[in-house]
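> Please find the sequence and the predicted model below.
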Amino acid sequence: MREYLEEGIKKLNIEISEEKVDKLMKFLKILMEYNSHTNLTAIRDEKGIIEKHFLDSILLMKHFSLNSGKAIDIGTGAGFPGMVLAICNPNIKFTLIDSVGKKIKFLIQVIEELKIENVEAINIRAEEFINSKNRETYDLGFCRGVSKLNIISEYMIPFLKVQGKFLPQKMEGTNEEKDSSKALKILKSSLENIYIEKLPYSMESRAIMEIIKKGKTDTKYPRKTGIPSKRPL
């Protein structure tokens, strides 16, 4: 499986050291064992997990370059893309949040077993986590397949610094950018680019959106739990 991962990384034209690949493989092993008794991902085979979780996460590295700073992954699930990116970018401090306790319990085990020092995993909702201490303190935001863009943007943008970057991943062809223009304007952010990438083996397409925060977010956002989905911006 290591060769499958390494060849996939090579096909993406991204360089990742052997030491980091070692940790990714250990992460895969822990995930496979844990997933055998606790449902973390519907994908069960190793090749599927490597391509559709690991390599799918690594795709994001084409679209940011940060030597230090802070990143947040909302709705991280079993650590995608956040844990993979944290392993590959040890100089960036990652916060991974999810409302499902069993997934955060798993990630804490991964952090402890792999001795990963640049990650914190927290069982909490985004709207409960944001406060004066962490509002507008993150350089990068990630979110994969959680809610529509106009909804997740309300949760994510308040965490980012002005000029911070949000890189949500979507399936190609959702056209969510059309429905999100009003929300992004209210949140003082701009959709700068949509990058279409392909997974290296299946050649499935992925859309990575590049959203830049242009100004400070009104402190009334995000609104209370449930309101963004019921009444999207």
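That came through fine.
> Any idea what the residue positioned nearest the centre of the chain is bridged to?
The centroid of the chain falls nearest to residue 142 when counting by Cα atoms, centre = their mean (3.5 Å). Counting by DSSP bridges, residue 142 is bridged to residue 73, residue 167.
> wait, what's in contact with it?
Taking Cβ atoms under 8 Å, 6 or more residues apart in numbering, we find residue 142 in contact with 60, 71-74, 81-82, 85, 166-169. C-beta: built from backbone N, CA, C; applies to glycine.
> mind redoing it with 7 Å?
Residue 142 sits next to 60, 71, 73, 81-82, 167 when contact means Cβ atoms under 7 Å, 6 or more residues apart in numbering.
> for residue 164, same thing?
Residue 164 neighbours (Cβ under 7 Å, 6+ apart): 138-141, 213.
> helix/strand/coil for it?
strand (DSSP: H, G, I helix; E, B strand; the rest coil).
> circling back: mind listing which of the contacts of residue 164 are in strands?
Here DSSP state E is the test, and the contacts of residue 164 give 138-141, 213 as lying in strands.
> so where's the protein shaky on pLDDT?
Along the chain, the parts satisfying pLDDT under 70 run over 173-174.
> Quick one: the strands in it, in order.
69-74, 92-98, 119-123, 138-144, 160-171, 189-198, 205-213.
> Can you give me the neighbour number for residue 7?
Residues within reach of residue 7, counting by other Cβ atoms under 10 Å, total 12.
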